[in-house]
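In: no sequence on this one, just coordinates:
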C-alpha cells in the first residue's frame, strides 16, 4: 500500500503570551501530541516583544522537529531563525515571500 499524506495539526499561539510560562506549556503539548507546525500570531507589533517570544519558542519547537512560523512578519523570518511565514492578506504577497525566503521556507496564506 502506498504511503499517503495524512492531515497534521497546526497550532496558533495566543495573541499574548507570558514568555516565562508559555514555552513550558507549549513543550507539554508538543510532547503529548504530534504537531506539525506552530504559528506565532501575537497581537503586538513591537519587534522586541515578537523577537523575545520567538527566541523563547524556537528551541522548544525545533527540539521536537516542529516548524515555527510567524504571522505576516516576512522580514523577521531569517533574522529570528524561523521556518517560514503565514500571510493574512491573501495570496497577493505569496510570490514576493517565496522570492525573499529560501526554497525550503514555509509560506502559508489565507
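Out: Yep, it's here. Here the structure is a predicted model, which is why all the values come from computation and not from measurement. Numbers count the residues shown, from 1 in each chain.

In: Can you tell me which residue sits nearest the middle of this protein?
Out: The residue lying closest to the centre of the chain (CA atoms, centre = their mean) is residue 69, at 2.0 Å.

In: can you tell me which residues contact that residue?
Out: If a contact means CB atoms under 8 Å, 6 or more residues apart in numbering, then residue 69 has 37-40, 77, 82-86, 106, 108 as its contacts. (Each C-beta comes from the backbone N, C-alpha and C, glycine too.)

In: one more time with 6 Å
Out: Counting by CB atoms under 6 Å, 6 or more residues apart in numbering, residue 69 makes contact with 39, 83-86, 106.

In: pretty sure it is in a strand, no?
Out: Yes: assessed by DSSP: H, G, I helix; E, B strand; the rest coil, residue 69 belongs to a strand.

In: hang on, the earlier thing: which members of the contacts of residue 69 occur in helices, if any?
Out: Nothing among these maps onto helices, per DSSP state H.

In: If you rank those by neighbours, which is first?
Out: Using other CB atoms under 10 Å as the neighbour criterion, residue 85 leads those with 26 neighbours.

In: Can you give me the distance of it to residue 68?
Out: 11 Å (CB to CB, to the nearest Å).

In: ok so, going back, can you pull up the bridge partners for the residue nearest to the centre of the chain?
Out: Beta bridges link residue 69 to residue 39, residue 84, judged by DSSP bridges.

In: Can you give me the neighbour number for residue 26?
Out: If we define neighbours as other CB under 10 Å, then residue 26 has 22 of them.

In: mind checking how far it is from residue 14?
Out: Residue 26 is 10 Å from residue 14, by CB to CB.

In: mind checking the longest helix of this structure?
Out: helix 47-63.

In: Mind listing what's buried along it?
Out: 50, 53-54, 56-58, 60-61 (16 or more other CB atoms under 10 Å).

In: That one - contacts with which helices or strands?
Out: helix 22-32 (3 or more CB pairs under 6 Å, 6 or more residues apart in numbering; DSSP states H and E).

In: Doesn't residue 20 lie inside a strand?
Out: No: using three-state DSSP, the assignment for residue 20 is coil, not a strand.

In: and residue 96, what element?
Out: Secondary structure from DSSP states H and E places residue 96 in helix 94-100.
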